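> Provided below are the primary sequence and the corresponding predicted coordinates.
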Amino acid sequence: MTPAIEAAKRAGIAFQIHEYRHAAGVSAYGEEAAQALGVVADRVFKTLIVALHDDRRPLAVGVVPVTGKLDLKAFAAALQAKKATMADAKDAERATGYVLGGISPLGQRKRLALLLDDSAQGFDTIYVSAGRRGLEIELAPSDLLTLTGGSSADISR
């Protein structure tokens, strides 16, 4: 059981766990998940750790569809930061407690500001990493926001 699953259980929200065999050498983790689970790729979201260039907080979390890219300018503007860049992989792993390709927005080691792309609101449930490669958690976007203290913004292109 991962910290992400434990967080969802503790919160008492409705969720489902989906497991699939992760193929070694695949780095498009979200696309792999969508294909393996037979889910429309727009419903599968990737968790990205972003370095903020402001004095208040060094890192934040962006959750966007695997079919899109994080718009770093929109992300920075939504969090009222001067600038945003992708975080260094080691910093992302250290802050979240997860390895790349398995970073979940839930149960992270440090609670970081989180923005979920507005497109998630078009689905009853979405899929995000459950804390390791080959493991997804399906939950309502509103539950994800409640559990993480996050908010929704137009951050994908």
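Yep, it's here. Numbers count the residues shown, from 1 in each chain.

> contacts, neighbours, all on C-alpha from now
OK.

> please report how far Asp91 lies from Gln16.
Distance, Asp91 to Gln16, using Cα to Cα, to the nearest Å: 29 Å.

> could you look up the SS state of the residue positioned nearest the centre of the chain?
The centre of the chain sits closest to Thr47, judged by Cα atoms, centre = their mean, with a distance of 2.6 Å. Assigned by DSSP: H, G, I helix; E, B strand; the rest coil, the conformation of Thr47 is strand.

> grab the nearest non-local neighbour of it.
Distances taken as Cα to Cα, 6 or more residues apart in numbering put Val63 closest to Thr47, at 4.7 Å, once the chain neighbours are dropped.

> so that neighbour lies in a strand, does it not?
Yes - Val63: assigned to a strand according to three-state DSSP.

> wait, it sits on Val50?
No - contact between Val63 and Val50 fails when scored by Cα atoms under 8 Å: they sit 10.4 Å apart.

> mind listing what's buried along the helix or strand of the chain with the lowest mean pLDDT?
The helix or strand of the chain with the lowest confidence, counting by mean pLDDT, DSSP states H and E, is helix 29-37 at a mean of 86. Judged by neighbour count (16 or more other Cα atoms under 10 Å), helix 29-37 contains these buried residues: Tyr29, Gly30, Glu31, Glu32, Ala33, Ala34.
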